[in-house]
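In: here is a sequence with its predicted model. Questions after.
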Amino acid sequence: MTFWDFCAPFYDIVERRNAIAYNDMIKTVRDVIPAGASVLEIAAGTGSVTLGIADKVKNVFCTDVSEQMLSVARKKAAKRGVKNVVFGNENIFGINKPDGAFDAVIAGQVLHLLDEPEKAAAELRRVTSGMVILPLAFTKGLKGRAQFMLSIFKLFGFAPKRELSLSEYATFLYGIGFENCEIIPLDGIFPMAVAVWRKKQ
């Protein structure tokens, strides 16, 4: 069982601990994404972002490598009567879709976890015809309750390859091919940002 499988039943509780930033993040993604878009969310966790945008877009392919996370997401979608979301497992390094298959791709809280984020980034750019949206909660320079919560996550197996601040996030994204991102900062116990990269037409 992976860390993500283990924490799936509790993941929404963790999100609620950072509710101000997390709700602002979902609102920001919703504002940025075009109405009627075809969307891929990869590393979707329990589907909070997918369900937050579902009524605005044409459809969402909501994916994660953790079947336990997707199980929670499916139950939430069924409870809310959401009909335009398809769930499935996808690997961020090899997405089984053609070039430009989606108007928008969302990949939150994932690239900093990877040994080879540039390969994942190239795959995200490949499958979009429009934009890639990259939300992230920052784990560098935390204090007080946020630092304590992070230490608990690490105790149970959370192991980011990089811990980033807001300024470092822009540099990181540039280094893996997401040049000229718009970065929207959000306040919270864990400060967040939503980065938006638009494909040149």
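Out: It's in. Note that the structure is predicted; figures quoted are calculated from it, not measured.
In: all helices of this structure, in order?
Out: According to DSSP state H, the chain carries its helices in the segments 3-7, 11-17, 19-32, 48-53, 67-80, 117-126, 144-155, 166-175.
In: in this protein, which residue is closest to the centre?
Out: With distances taken as CA atoms, centre = their mean, the residue of the chain nearest its centroid is G108 (1.6 Å).
In: that one contacts L124, doesn't it?
Out: No: G108 is beyond contact range of L124, at 11.5 Å (criterion: CB atoms under 8 Å). Using the backbone N, CA and C atoms, a C-beta is placed for each residue, glycine as well.
In: which one of the helices of the chain lies nearest to G188?
Out: Go through the helices of the chain one by one with CB to CB and the one that ends up closest to G188 is helix 19-32, at 2.4 Å.
In: need the overlap of contacts for G108 and L124.
Out: Taking CB atoms under 8 Å, 6 or more residues apart in numbering as the contact rule, G108 and L124 touch no residue in common.
In: any low-confidence regions in the protein?
Out: Within the chain, the stretches with pLDDT under 70 are 1, 156.
In: same for the longest strand along it, what does it pack against?
Out: The strand that spans the most residues within the chain, counting by DSSP state E, is strand 128-137. Taking 3 or more CB pairs under 8 Å, 6 or more residues apart in numbering; DSSP states H and E as the contact definition, the neighbouring helices and strands of strand 128-137 are helix 19-32, strand 102-106, strand 192-198.
In: single out the most deeply packed of those.
Out: Highest mean neighbour count among the helices and strands packed on strand 128-137 (mean count of other CB atoms under 10 Å): strand 102-106, with a mean of 24.
In: what does that one rub up against?
Out: Residues from elsewhere that reach strand 102-106 (CB under 8 Å, 6+ apart): 29, 33-34, 37-42, 44, 49-50, 57, 61, 124, 127-135.
In: which of these are buried?
Out: By the neighbour-count criterion of 16 or more other CB atoms under 10 Å, the contacts of strand 102-106 include these buried positions: 29, 33, 37-42, 44, 49-50, 57, 61, 124, 127-128, 130-135.
In: any idea how far M25 is from the residue located most distally from the centre of the chain?
Out: Relative to the mean C-alpha coordinate of the chain, counting by CA atoms, centre = their mean, the farthest residue is G144 (25.0 Å). Relative to M25, G144 is positioned 21 Å away (CB to CB, to the nearest Å).
In: right, I'll leave it there.
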